[in-house]
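K.L.:
Show me the folded form of this:
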Amino acid sequence: MTIDYQNIDIYVGEHRVLTDVCFQVEAGEMVYLVGPVGSGKSSLLKTLYGEVKCKGERAQILGYDLLRLRTSQQPSLRRELGIVFQDFRLLPDRTVRQNLDFVLRATDWKKKAQRQERIEEVLGIVKLQSHLNKHIWELSGGEQQRVSIARALLNNPKVILADEPTGNLDTENGELILATLDEIRRQQDTTVIISTHNLQWPQYFPGTIYQCSENRLTKQVPARQLQDKTNAQAEDLDETQAP
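P.N.:
Next comes the predicted model:
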């Protein structure tokens, strides 16, 4: 189990935003956190990398106990996670190469040649090799978000956390971002967790859906799965009623 939350309460300051959370995620799974603004989606994501505290029975990710996570453990946990933000959080006065190199140097990649090789690899994944020496301000919003995905991939994360990654993008660029994340998940067996208020993405890129509403997290039955279940029940009923 990559993530295992049992009976967890999540607080922002003194305010409890989610209560009695049960949340289990397997390796390589695509998971959506849906719900309106302020429903607790981002707060749940932040507990996964130790920025927001939680209380309860069990909260584990990649073997780390989040209920007892020490400050000294946070850097090693975060190196196993890739985080994608709605507002990109890139350094606008630097090039794509410099943005990515900054992260690698900060996470103890000592050799310049290895850093350069890794930068080219992740830009290849997001199909931005030709943008290596462009400044961030020269890129479109969709391209900037793809750079932020490349940044998230630098240390080969086991889990990618994407907080409203399409919130500042038009539909076409949003779909490209989701397609990129889904391809990474399938090819690298990376767990991807996306918070979004856009309910069309699970229709295009299926995954497990959790609804944040009224301080609760509820696992949803996908429409297609629900229809299959309904059809199966109808067939069973027909068989029992057959002469």
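
K.L.:
going forward, measure contacts between C-alpha atoms and count neighbours the same way
P.N.:
OK.

K.L.:
and the most centrally placed residue in the chain, what does it touch?
P.N.:
For the chain, residue 161 is the residue whose C-alpha lies nearest the centre (Cα atoms, centre = their mean; 2.5 Å). Residues near residue 161 by Cα atoms under 8 Å, 6 or more residues apart in numbering: 45, 81, 82, 83, 84, 192, 193, 194.

K.L.:
Which strand or helix spans the fourth one?
P.N.:
Using DSSP states H and E, the element containing residue 83 is strand 81-84.

K.L.:
what's next to that strand, contact-wise?
P.N.:
With contacts defined as Cα under 8 Å, 6+ apart, strand 81-84 is touched by 49, 145, 148-149, 151-153, 155, 157-163, 165.

K.L.:
List the buried residues in it.
P.N.:
81, 82, 83, 84 (16 or more other Cα atoms under 10 Å).

K.L.:
and the second one, what are its bridge partners?
P.N.:
Beta-bridge pairing of residue 82 under DSSP bridges involves residue 160.

K.L.:
from here on, count from 11
P.N.:
Understood, numbering begins at 11; the last thing we discussed is residue 92.

K.L.:
what about it, distance to residue 171?
P.N.:
6 Å (Cα to Cα, to the nearest Å).

K.L.:
what's the answer for the first one, then?
P.N.:
Plainly put, residue 91 is 7 Å away from residue 171 if you go by Cα to Cα.

K.L.:
ok, which stretches of the chain are strands?
P.N.:
Using DSSP state E, the strands of the chain run over residues 13-22, 25-35, 40-44, 64-71, 74-75, 91-94, 169-173, 201-206, 218-223, 226-230.

K.L.:
I'd like to know which of those strands is closest to residue 191.
P.N.:
Among the strands of the chain, strand 201-206 comes nearest to residue 191, with 7.3 Å by Cα to Cα.

K.L.:
Just the CA coordinates for that closest one, please, in CSV.
P.N.:
Output of strand 201-206 as CSV, limited to C-alpha atoms (Å, rounded to 0.1, in the frame of the first residue of the first chain):
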residue,chain,number,x,y,z
THR,A,201,1.2,6.9,-8.4
VAL,A,202,-0.6,10.2,-9.5
ILE,A,203,-2.9,12.1,-7.2
ILE,A,204,-4.7,15.1,-8.7
SER,A,205,-6.9,17.6,-6.9
THR,A,206,-9.4,19.2,-9.3
